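this one's structure only:
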């Protein structure tokens, strides 16, 4: 029943309405209404924050499209004077004022703000803001439903709600304006026809009055009434036919026009053909949809072109139907005219005055019927016009979510952690893959057949001596373990001379010699360290021993053996023979008998003899002294010793043999998540065990 009141209502498709909601015209209205072209911000330490909901004023431009865009305009709001300060200039509220950014009006928002708080606004082009909002606007519809879900993402929840609410309001207003325009056109057409019928009826009534007063007309007899009634019926039919022909002419004229999309639609009053009515309704709906869509889309829009083609396809069918009805009505008119001519001959006997009066009365009845019909249709159209409402219902108003939808903090942290972990693993793996130095004990064991008897951890300190009496660190325990390994591997009272060498300088050869010698001395064995590294003698420096006289003086005959042996301050059982002042060719002196007699002398009074020699790739001293020694300790440093030198170690040892060679893997760094935890745990456990020893055990 409600639809019957809306004579101008049309059917809508969901797809079309989605395009209308996302149209540029509606979004431009929203931008201008909310003044989104002049956003207000507050400065922050890391990033500026929008002040849409906290700004005390809103900025409105008189001509937004011609304003100066870009740059920050800082301002301060004076609460007492209710004025805006920009660059030491005052501007009043609610008035259009000239600024460097154009003609602006500052409107208060009733948001409390402190006088010290500084804001700034920027001017953006309305079209840019409009296009950005359209990109962020999402309009979706579920299957088998006519309910649209509209959403938008924005960093300010209040602004997003206002944008959606204003968009729906603009959409409803645009739909109401279209209906008002079409209803006004319909009422105008009906009023025009009603005025024309009213003038004809008044003219006939004046003729009747004049005729009766001038001619003195009397009542028609019963016989005349019978003929007149028949003729009146036929005349009524002829009038209907004439009216239908006139309506068909107007419809044909309207349809044949080149551009009638926005003209007044002719009425089909009196036309009873359902086919023509259906075609006209379809044409009318297409024209209405074309007029509505043309306001929001461009002329070359595919949807607009499609509707225009549909209108042109309907026109030939309407014109063909009009021609068919015109031929039928013309034939009926001819038949009725012939019948009326017969009755006219019978009415010749009726007085002329009475016949004239009847003719006038007949025309009066016809015009009266037409006037009543038009008046009824005008009232129906007026009722429909007054009851125009939006043909959509708002299910839920725009509301922001409780928590931000972006960014996902947990996901970002998770991805950052995963990326950092993957990058770290990749970096370490890549460095290890491209490394040219020894990193793992497995590498040593795969490159040479010489056994690895000990691993010495990396000590992150500048101390040269890491073991000693009372020290319980992990690295000190590793030297104790090395001491036990040497005792178990054949070092005894008869085999006590140990040669210590390496591939290149810097592998910790002197560090191992000093700490291993101290560890042996702590076990109650007299130990002597001989500084045979003539390329870089640093052993005596680590033990703080003067280097004025050493084995160089003995080999040249300037000193006796007991004169070059010096006691260290670290322990009473630890002694050292420094290099001292060396001759020009010290390596040549090592090949003489005096070096053998020196070692024999040391062997007679010491339990252990450690010979710190030069690296084998630098000098040949280690190969010269190797026959005089019982065991060789070859030092390899983690992340320092080149792989290629270890690859050639077996082949080199076959040519120049180092007697009973064992490898010590020095400077091993911990890796992985347990890094730095193993050493502490070991020390703690070691100290606890030490406290729990029975009395009498040292």
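Nice, thanks for sending it over. From a predicted model like this one, the values you see are computed outputs, not experimental measurements.

Only C-alpha atoms from now on, for both contacts and neighbour counts.
Fine.

Quick one: list the elements packing against the helix or strand where residue 667 lies.
Using DSSP states H and E, residue 667 maps to strand 661-668. Where contact means 3 or more Cα pairs under 8 Å, 6 or more residues apart in numbering; DSSP states H and E, strand 661-668 is packed against strand 452-457, strand 631-637.

Just the buried residues of stretch 645-661, please?
Buried residues in stretch 645-661, defined by neighbour count with 16 or more other Cα atoms under 10 Å: 645-646, 650, 658-661.

what about the nearest residue to residue 139 once chain neighbours are set aside, which SS state?
Closest residue in space to residue 139, ignoring its immediate chain neighbours: residue 150 at 4.6 Å, by Cα to Cα, 6 or more residues apart in numbering. Three-state call for residue 150 (DSSP: H, G, I helix; E, B strand; the rest coil): strand.

So in that sheet, which strands flank the strand holding residue 667, and in what orientation?
When sheet partners are counted by DSSP bridges, strand 661-668 sits next to strand 452-457 (parallel), strand 631-637 (parallel).

could you dump those to a markdown table with distance to residue 540?
Formatted as a markdown table, these follow (distance: least, Cα to Cα, whole Å):
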| stretch | distance to residue 540 |
| --- | --- |
| strand 452-457 | 21 |
| strand 631-637 | 19 |
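
Just name the most buried of the ones you listed.
Among the strands paired with strand 661-668, judged by mean count of other Cα atoms under 10 Å, the one packed with the most neighbours on average is strand 631-637 (a mean of 25).

Need the pLDDT of residue 120.
Residue 120 is assigned a predicted lDDT (pLDDT) of 88.

still on that earlier bit, so which of the buried residues of stretch 645-661 sit within strands?
With DSSP state E as the criterion, strands contain residue 661 from among those.

okay, the strands paired with strand 661-668 in CSV with distance to residue 473 and mean pLDDT next?
Shown next, in CSV, are the strands paired with strand 661-668 (distance: least, Cα to Cα, whole Å; pLDDT from 0 to 100):
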stretch, distance to residue 473, mean pLDDT
strand 452-457, 11, 92
strand 631-637, 20, 94
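
Quick one: closest of the ones you listed to residue 575.
Comparison of those against residue 575 by Cα to Cα identifies strand 631-637 as nearest, at 19.6 Å.

still on that earlier bit, for the strand holding residue 667, what is the distance to the chain centroid?
On the basis of Cα atoms, centre = their mean, to the nearest Å, strand 661-668 sits 54 Å off its chain's mean C-alpha point.

what pLDDT, on average, does it get?
For strand 661-668, the mean pLDDT works out to 92.

Outside of that strand itself, list whatever touches it.
441, 450-459, 507-508, 631-638 (Cα atoms under 8 Å, 6 or more residues apart in numbering).

just the strands in the stretch 401-550 of the chain please.
452-457, 497-502, 527-532 (DSSP state E, counting those that start in this stretch).

So in that sheet, which strands flank the second one, and in what orientation?
If I follow you right, that is strand 497-502. Applying DSSP bridges, strand 497-502 is found paired with strand 608-613 (parallel), strand 631-637 (parallel).

Tabulate those strands (TSV), appending distance to residue 299.
Formatted as TSV, the strands paired with strand 497-502 follow (distance: least, Cα to Cα, whole Å):
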stretch	distance to residue 299
strand 608-613	95
strand 631-637	81
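
Ok, which of these comes nearest residue 328?
Distance to residue 328, taken as Cα to Cα, is lowest for strand 631-637 among the strands paired with strand 497-502, at 115.4 Å.

ok, residues contacting that closest one?
Contacts with strand 631-637, where a contact means Cα under 8 Å, 6+ apart, come from 438, 491, 497-503, 507-509, 626, 658-668.

cool, stretch 608-627 as well?
Stretch 608-627 has contacts (Cα under 8 Å, 6+ apart) with 496-505, 509-510, 513, 517, 520, 525-536, 539, 587, 590-591, 602-603, 632, 656-659.

one step back: isn't the residue nearest to residue 139 right up against residue 142?
No. Counting by Cα atoms under 8 Å, residue 150 does not reach residue 142; the two are 11.9 Å apart.

When those two are compared, which one has more neighbours?
residue 150 (16 against 9; other Cα atoms under 10 Å).

just to revisit the earlier point, do you know how far the residue nearest to residue 139 is from residue 537?
Residue 150 sits at a distance of 83 Å from residue 537 (criterion: Cα to Cα, to the nearest Å).

before we move on, back to that, can you flag the buried ones in the contacts of stretch 608-627?
Buried subset of these (neighbour count, 16+ other Cα under 10 Å): 496-505, 509-510, 513, 517, 520, 525-534, 539, 587, 590, 602-603, 632, 658-659.

Now do the strands for the stretch 151-300 of the chain: every range, in order, please.
For the stretch 151-300 of the chain, applying DSSP E, counting those that start in this stretch gives no strands.

same question for the lengthiest helix in the chain, mean pLDDT?
Ranked by number of residues, the top helix in the chain under DSSP state H is helix 157-215. Averaged across helix 157-215, the pLDDT comes to 80.

Break the protein down into its structural domains.
In terms of domains, the chain is parsed into 13-166, 175-386, 403-433, 452-458+466-669+676-691 (source: automatic domain parsing).

Break down the stretch 301-450 of the chain into its helices, ranges please.
302-346, 352-386, 409-434, 441-447 (DSSP state H, counting those that start in this stretch).

Let me know the angle separating the first one from helix 352-386.
In other words, helix 302-346. Relative orientation of helix 302-346 versus helix 352-386 (axes from the mean of the first three to the mean of the last three Cα atoms, to 10 degrees): 160 degrees.

Enumerate every residue touching residue 304.
Applying Cα under 8 Å, 6+ apart, the residues near residue 304 are 290, 293-294, 297.

Per-residue pLDDT of it, please?
Per-residue confidence (pLDDT) for residue 304: 81.

how near is it to residue 36?
Counting by Cα to Cα, the gap from residue 304 to residue 36 is 30 Å.

Kindly report the same for residue 636.
Distance from residue 636 to residue 36, by Cα to Cα: 71 Å.

and if you look at residue 162?
Distance from residue 162 to residue 36, by Cα to Cα: 11 Å.

Which one's more surrounded, these two?
For the pair residue 162 and residue 36, the greater number of neighbours falls to residue 36 (23 against 15), based on other Cα under 10 Å.

At which residues are the helices of the stretch 551-698 of the chain located?
In the stretch 551-698 of the chain, the segments counted as helices under DSSP H, counting those that start in this stretch are 551-555, 561-564, 586-589, 593-605, 621-625, 643-647, 649-655, 677-691.

and the closest residue to residue 315 other than its chain neighbours, what does it touch?
Nearest residue to residue 315, sequence neighbours excluded (Cα to Cα, 6+ apart): residue 255, at 6.4 Å. Remark: with contacts taken as Cα under 8 Å, 6+ apart, residue 255 is in contact with 315, 318-319.

Neighbour-wise, which one of these leads?
Note: the member of the contacts of residue 255 with the most neighbours is residue 318, at 22 neighbours, neighbours being other Cα under 10 Å.

which residues does it contact?
255, 276, 279-280.

quick one on the thing from earlier: select, out of the domains of the chain, the one closest to residue 393.
domain 13-166 (9.4 Å).

Would you work out how far apart the start and end of the closest one are?
First-to-last residue span, domain 13-166, Cα to Cα: 22 Å.

from the chain's centre, how far out does that domain sit?
For domain 13-166, the distance to the chain centre is 22 Å (Cα atoms, centre = their mean).

could you measure the residue nearest to residue 100 when sequence neighbours are not counted against residue 621, distance?
With Cα to Cα, 6+ apart as the criterion, residue 100 has its nearest non-adjacent residue at 8.0 Å, and that residue is residue 68. Counting by Cα to Cα, the separation of residue 68 from residue 621 is 85 Å.

quick one, which of those two is more surrounded?
Counted by other Cα under 10 Å, residue 68 and residue 621 do not tie: residue 621 has more neighbours, with 22 against 14.
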